[in-house]
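*Asks:* Mind folding the following:
(one chain, ligands or ions: 2)
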Amino acid sequence: MDTYLDLETFPLDRPDSAAYAALVERCKAEMARDGMFNLDGFLRPEHAAAEARAHTPKMDRESFNHAREHNVYFKKSVPGLPDDHPALRLFQTSNNTLCNDQLTGSVVEKIYNWAPLQRFLAEVMGKPALYPMDDPLAAFNVMRYADGQALNWHFDRSEFTVTLLLQAPERGGMFEYRTDLRSAEDPNYDGVARLLAGDDPEMRQMSVVPGTLNVFRGVNTPHRVTPVEGDTPRMIAVLTYYEQPGAKFTESEQLGFYGRTA
Ligand SMILES: O=C(O)CCC(=O)C(=O)O
Ligand SMILES: [Fe+2]
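*Replies:* Numbering: from 1, shown residues only. Ligands and ions are numbered 1, 2, ... in the order given. From the prediction side, this is the model:
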């Protein structure tokens with residue numbers, strides 16, 4: 001893994017070292033403060049670029065164009081909320097996705113299955129363990145956003161999401177988020193409506209460089225990727241882990257996100 005990952009700066013392969021303990025502490029503190037942390041250059045930038053190149057032909061030919069109108073919940077309706085409530089406002093999303101069954105043998109697959117990363121993430125997130133999904137489509141993806149494409153406001157299905165930026169666009173493609181807008185106890189529909197109306201001063205933007213590992217707690221923090229501009233697409237790997245082994249999307253989730261079941 002040393003070939004691909006900067007394990008001098010991020011010693012995930014040396015869990016007994018003081019440097020490892022310090023890294024875990026730093027990431028925990030950032031997670032508590034910001035709901036996310038970044039490891040800049042975790043995937044060596046030349047390998048990030050090589051992955052982006054390697055997946056481009058398949059992306060052109062075989063990817064799923066995830067294009068739909070959706071609300072922040074990815075649900076038709078929400079019990080107790082009138083259908084015309086502004087928290088249910090609809091937005092357009094379009095990007096292209098390759099699923100794990102289309103990424104066999106890739107560096108992204110090696111990283112996804114690398115046990116020391118799972119252990120490190122579990123430690124930072126304060127979990128006994130984290131497991132890869134048992135889903136041929138949803139476990140890990142590479143997403144591409146070309147000129148004009150975007151991923152609109154949403155809450156994630158999983159508690160947190162791990163991404164690795166492979167290629168940055170010339171302009172646009174910014175990650176925007178609003179930390180802890182809701183909680184398990186309080187859905188804060190009016191707050192959601194304010195954010196969607198562009199009226200939440202606590203919305204933040206993040207820009208990362210290729211090779212950055214980002215861990216983001218997205219289940220209560222709505223987020224989006226703004227439209228990409230220019231000829232260089234944004235490409236990003238998305239890795240999903242759960243506390244229980246064997247996690248799977250339902251058939252209807254698979255269809256909604258990937259256009260097929262598997
Ligand atoms: O492309 C990104 O940076 C975010 C992806 C994301 O939010 C998701 O897959 O749920
Ligand atoms: Fe997300």
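
*Asks:* Kindly report the residues of this protein close to ligand 2.
*Replies:* 156, 218 (C-beta under 5 Å from the ion). For every residue, glycine as well, the C-beta is placed using N, CA and C.

*Asks:* So which bits of the chain are right by ligand 1?
*Replies:* Selection of the chain residues close to ligand 1 by C-beta under 6 Å from any ligand atom yields 143, 151, 156, 161, 163, 175, 223, 225, 236, 238.

*Asks:* Now flag whichever of those residues is closest to residue 210.
*Replies:* Nearest to residue 210 among those: residue 236, at 9.3 Å, using C-beta to C-beta.

*Asks:* how much space between that closest one and residue 78?
*Replies:* 28 Å (C-beta to C-beta, to the nearest Å).

*Asks:* Could you do residue 14 as well?
*Replies:* Taking C-beta to C-beta, one finds residue 14 at 46 Å from residue 78.

*Asks:* Neighbour count: residue 236 and residue 78, which is higher?
*Replies:* residue 236 (27 against 16; other C-beta atoms under 10 Å).

*Asks:* Let me know whether that one touches residue 161 as I believe.
*Replies:* No - with contact defined as C-beta atoms under 8 Å, residue 236 does not count as touching residue 161 (10.5 Å).

*Asks:* can you give me the helices for the stretch 101-250 of the chain?
*Replies:* Secondary structure of the stretch 101-250 of the chain (DSSP state H, counting those that start in this stretch): helices at 107-113, 115-125, 189-196.

*Asks:* Dump those to a markdown table, plus mean neighbour count and mean pLDDT.
*Replies:* Compiled in a markdown table, these are given as follows (neighbours: other C-beta atoms under 10 Å; pLDDT from 0 to 100):
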| stretch | mean neighbour count | mean pLDDT |
| --- | --- | --- |
| helix 107-113 | 19 | 98 |
| helix 115-125 | 18 | 98 |
| helix 189-196 | 19 | 98 |
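
*Asks:* so which of those gets nearest residue 69?
*Replies:* Between residue 69 and the helices of the stretch 101-250 of the chain, the shortest separation by C-beta to C-beta is 13.6 Å, and it involves helix 189-196.

*Asks:* Pull the residues that contact the closest one.
*Replies:* 72, 81, 85-87, 89, 91, 153, 178, 181-182, 200, 203, 222 (C-beta atoms under 8 Å, 6 or more residues apart in numbering).

*Asks:* Tell me how far residue 186 lies from residue 159.
*Replies:* 17 Å.

*Asks:* Hmm, I typed the wrong one, I wanted residue 229.
*Replies:* 32 Å.

*Asks:* same check, this time on residue 65
*Replies:* Relative to residue 159, residue 65 is positioned 28 Å away (C-beta to C-beta).

*Asks:* Who has more neighbours out of these two?
*Replies:* More crowded of residue 65 and residue 159, by other C-beta under 10 Å: residue 159, with 15 against 12.

*Asks:* measure the more buried one to residue 135 for me?
*Replies:* Distance from residue 159 to residue 135, by C-beta to C-beta: 16 Å.

*Asks:* Equivalent analysis for residue 92, please.
*Replies:* Plainly put, residue 92 is 26 Å away from residue 135 if you go by C-beta to C-beta.

*Asks:* who's more crowded, those two?
*Replies:* residue 135 (22 against 12).

*Asks:* Could you identify which of the residues of the chain next to ligand 1 has the most neighbours?
*Replies:* Going by other C-beta under 10 Å, residue 236 tops those with 27 neighbours.

*Asks:* contacting residues for it?
*Replies:* Residues in contact with residue 236 (C-beta under 8 Å, 6+ apart) are 142-143, 145, 163-166.

*Asks:* Among the residues you listed, which are located in strands?
*Replies:* Taking DSSP state E, the ones among the contacts of residue 236 that sit in strands are 142-143, 145, 163-166.

*Asks:* what two of those residues are the furthest from one another?
*Replies:* The span of the ones in strands among the contacts of residue 236, defined through C-beta to C-beta, is set by 145 and 164 at 14.8 Å.
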